[in-house]
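Participant: have a look; sequence and predicted model below, questions after that.
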Amino acid sequence: MTPPDASAALSAPELVIEAGRAEAHYWRDLWRYRELLGFLAWRDLQVRYRQTVLGAAWALLQPAITLVVFTFVFGKLAHMPSGEVPYPLLVMAGLLPWQLFANALSSASGSLVSNTHLISKVYFPRLVVPLSALAVALVDFLIVGLLYVALCAWWSFWPDWRALLLPLFTLLGLLAALGAGLWLTALTVRFRDFRFIVPFLLQLGVFLSPVGFSTTTVPNWRVLFSLNPMVAVIDGFRWCLLRGHQPFYLPGFLIGLGVTALLLASGLWYFRRTERSFADEI
Amino acid sequence: MSEPVITVRGLGKRYVLKHAPRSDTLRDTLTAGARGLFRRFTGQADPSSEEFWALREVDFAINRGEVVGIIGRNGAGKSTLLKILSRITEPTTGRITLRGRVASLLEVGTGFHPELSGRENIYLNGAILGMSRAEIRRKFDEIVAFAEVERFLDTPVKHYSSGMYVRLAFAVAAHLEPEILIVDEVLAVGDAAFQKKCLGKMNEVARNSGRTVLFVSHNTAALQSICRTGLWLQQGRVVQRGPINECLAAYLGAGVEAAVFTPGDPARPHLTSATLDRAALAAGRLRVSAGFHSPFPLGRPVLGIILYNRFGLPISGSNGRMQGTSWAPPAASAGTITAELAHLPLHSDTYRVSLFLGDAVQDYDEKRDALEFDFVSPHFHPETPRLDVIGSADFPWQWSFTPSSPAGN
């Protein structure tokens, strides 16, 4: 071992630990631990498909089957309108962001409890843990995106310039998942009850979000419907991917943006407030 | 070199212990549950919980380059102190000032994933301990050489032997380069040769680098060789801070468990004192003496003794009556009775002793948990599993192996 740089040690910032003291360097620390975030995400990706036969195909299989079922139920049985857009593409453009949200939310919610051994033995800004769960969900999202590209090729229905705005809506979906996920993961540390609530929430959510149908089919309820932050995200995705066949609905987008901002701000507040006692309660 | 890098003032940590409420009927259980739920959500104090201070009014300062051994019994607050210094948990009271980058090693192999290979785990564990990717890459070969796992680098660590696993984990941690290093009892792992190597590494870190090290161990020899200063904690308070040898002597000396009892009712026969022979204990023998006094001569004074493990479970007990006619002391109204075991078949841990005084027919006095002692077994093996799994008793098992007869029989 080489001796630490003495001058660096002397100039090292003073760190004060006190009850209830908000850490001054929290966000800087979070940045310093960005590599850990990457490593945790990488670990989860590495480990997930070990000892499975189908491997990463699992990331595709689930949305593919959901796509078939939704197309059949909403398109063929219920005869929901889709304009000139092939119904499977309409469904897939909704399923893509929904899968991202559902995966991100469920893994973020369980992230602290499934990393108990780290939290009780090492210091790092705890936000790293749910954030790494988001990163994993984003990778899955990119894989499912390939499925969308394949569908586009099959129906020769390619998106236009609007697709450039897709990252914006992806980010919005991730932030909505993060806001809700921060609440749920911090609450799960204390009340394991929330572990049972998340799957239930997502099960309901898939029907309260316009995944299998277009929002234009519920014109009367649209404002109320928009309180679900995923409505704005899914509508945005369809606007981006379906050449504007689904018109951009500004009030819905603004409501979604507001709800997401509120969720995120309150989620961060609750997470930061309870973070210091995670090691004692987990 | 006299600038303090760690300053601790008035440090306290309170835990709230929850007791399971007594409920006899389903309705009681349900109403208690509902009430508890309401309280938890509203943040009211729960009457079935009790406060416990793991640390209380702890003050000390540690200078740059100082290597401090923290000693004390199980439950004295050592681990809590390290957890607070490592920022894993928050203090309830007090203030700590740290100058310099802190790395802590509270457990060997934190975050190791069994499905990942040795190589992958080096990177993962390094990142968890606070090393950058570039830093790990630079030290990678050194780590692998230290751990002696070159051949198995790409094997998932779930296939490693426990020795290899521990070596790899320690090797990563040993290559941390913080200004302040906090190490919990992690040297009690691996085989003897590797322990020696780890100790050497710790020594090197402590001696040559000007790093500040806080080190918790029950290994007296390791403490003496690595540390210059000692910090003795007892029941959450600092009892002594000074040269390591003085602290160790005081700590071990205090272990000559001796107690003097004030009689509850002087008109009844009672125990007056109890002592445990430390020297005998170090040699693997248990020798407990108890003095008694009685207003009338006890026909056949009898001492009862029960040994408990750390979890309060009785391990073994005996008394004079159980010895039948072979226990035949003369009648006396005062004296000392000694109970002795030539070989104490226990694993290393903390134990408690309860004492009873009686005569041939009845008991007169009892002293629950009169003595408490740390036992270090001469047969200690680093791969001993946790005692809540295998129990406290260490019977002298005899092992044998019979090869199966050649095929065809």
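Facilitator: The structure has been received and is ready for your questions. No experiment lies behind these values; they were computed from the predicted model shown. Numbers count the residues shown, from 1 in each chain, chains lettered A, B, ... in the order given.

Participant: what packs against whichever strand or helix holds A:L178?
Facilitator: Using DSSP states H and E, the secondary-structure element containing A:L178 is helix A:166-190. Packing partners of helix A:166-190 (3 or more CB pairs under 8 Å, 6 or more residues apart in numbering or on different chains; DSSP states H and E): helix A:87-114, helix A:128-155, helix A:194-208, helix A:229-241, helix A:250-274, helix A:278-281. To be clear about C-beta, it is placed using only N, CA and C from the backbone, and glycine gets the same treatment.

Participant: okay, now the domains of chain B?
Facilitator: The record assigns chain B these domain ranges, following automatic domain parsing: B:4-23+B:49-253, B:258-390.

Participant: are the shortest one and chain A in contact anywhere?
Facilitator: No - with CB under 8 Å from any CB of the partner chain as the threshold, domain B:258-390 lies outside contact range of chain A, at a closest distance of 15.5 Å.

Participant: flag the helix or strand of the chain with the lowest per-element mean pLDDT.
Facilitator: Went with chain A since none was named. Lowest by mean pLDDT, DSSP states H and E among the helices and strands of chain A is helix A:6-11, with a mean of 43.

Participant: was after chain B, sorry
Facilitator: helix B:26-42 (a mean of 66).

Participant: which residues of the stretch 101-250 of chain B fall in strands?
Facilitator: Counting by DSSP state E, counting those that start in this stretch, the stretch 101-250 of chain B has strands at residues B:102-105, B:180-183, B:212-216, B:229-234, B:237-243.

Participant: which residues are in contact with stretch B:358-371?
Facilitator: Residues outside stretch B:358-371 that contact it (CB atoms under 8 Å, 6 or more residues apart in numbering or on different chains): B:257, B:259, B:261, B:264, B:268-271, B:274, B:276, B:288, B:290, B:292, B:294, B:298-302, B:304, B:308, B:319, B:321, B:352-357.

Participant: ok, residue 151 - contacts?
Facilitator: I'll assume chain A. Per CB under 8 Å, 6+ apart, neighbours of A:L151: A:P88, A:L89, A:M92.

Participant: let's do chain B instead
Facilitator: B:R151 neighbours (CB under 8 Å, 6+ apart): none.

Participant: just the buried ones from the contacts of stretch B:358-371?
Facilitator: B:257, B:259, B:261, B:269-271, B:274, B:276, B:288, B:290, B:292, B:294, B:298, B:300-302, B:304, B:308, B:319, B:321, B:352-357 (16 or more other CB atoms under 10 Å in any protein chain shown).

Participant: may I see the buried residues of stretch B:205-220?
Facilitator: Residues B:V205, B:A206, B:S209, B:R211, B:T212, B:V213, B:L214, B:F215, B:V216, B:S217, B:H218, B:N219 are the ones in stretch B:205-220 that count as buried (16+ other CB under 10 Å).

Participant: chain center to that stretch, what's the gap?
Facilitator: 19 Å (CA atoms, centre = their mean, to the nearest Å).

Participant: close to chain A, is that stretch?
Facilitator: Yes - counting by CB under 8 Å from any CB, chain A is contacted by stretch B:205-220 at B:V205, B:N208, B:S209, B:G210, B:R211.

Participant: could I get these as JSON lines with distance to B:N125 and pLDDT?
Facilitator: Shown next, in JSON lines, are the residues of stretch B:205-220 next to chain A (distance: CB to CB, whole Å; pLDDT from 0 to 100):
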{"residue": "B:V205", "distance to B:N125": "18", "pLDDT": "76"}
{"residue": "B:N208", "distance to B:N125": "24", "pLDDT": "74"}
{"residue": "B:S209", "distance to B:N125": "21", "pLDDT": "75"}
{"residue": "B:G210", "distance to B:N125": "25", "pLDDT": "78"}
{"residue": "B:R211", "distance to B:N125": "20", "pLDDT": "85"}
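
Participant: my understanding was that B:P301 contacts B:G335; is that so?
Facilitator: Yes - the pair B:P301 / B:G335 is scored as a contact, 6.6 Å apart, by CB atoms under 8 Å.

Participant: find residues that contact each of the two.
Facilitator: Residues touching both B:P301 and B:G335 by CB under 8 Å, 6+ apart: B:F292, B:P329.

Participant: OK, contacts around B:S162?
Facilitator: B:S162 neighbours (CB under 8 Å, 6+ apart): B:E383.

Participant: from chain A, how far out is it?
Facilitator: In this structure, B:S162 and chain A are 17 Å apart, going by CB to the nearest CB, to the nearest Å.

Participant: how far is stretch A:162-182 from where the chain is centred?
Facilitator: Stretch A:162-182 sits 7 Å away from the centroid of its parent chain (CA atoms, centre = their mean).

Participant: show me the contact partners of it.
Facilitator: For stretch A:162-182, the external contacting residues (CB under 8 Å, 6+ apart) are A:97, A:100-101, A:104-105, A:108-109, A:111, A:130-131, A:133-134, A:137-138, A:141, A:229-230, A:232-233, A:236-237, A:239-241, A:243-244, A:256-257, A:259-260, A:262-268, A:270-271.

Participant: I'd like the C-alpha coordinates of stretch B:228-239 written as PDB, please.
Facilitator: Extracted in PDB, the C-alpha atoms of stretch B:228-239 (Å, rounded to 0.1, in the frame of the first residue of the first chain):
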ATOM      1  CA  ARG B 228      -0.700   1.200  20.100                       C
ATOM      2  CA  THR B 229      -3.800   2.600  21.800                       C
ATOM      3  CA  GLY B 230      -6.800   0.900  23.300                       C
ATOM      4  CA  LEU B 231     -10.400   2.000  23.900                       C
ATOM      5  CA  TRP B 232     -12.300  -0.100  26.300                       C
ATOM      6  CA  LEU B 233     -16.100   0.000  26.100                       C
ATOM      7  CA  GLN B 234     -18.400  -1.400  28.700                       C
ATOM      8  CA  GLN B 235     -22.200  -1.100  28.600                       C
ATOM      9  CA  GLY B 236     -22.000   1.600  26.000                       C
ATOM     10  CA  ARG B 237     -19.500   3.800  27.900                       C
ATOM     11  CA  VAL B 238     -15.800   4.400  27.500                       C
ATOM     12  CA  VAL B 239     -14.100   2.900  30.600                       C
END
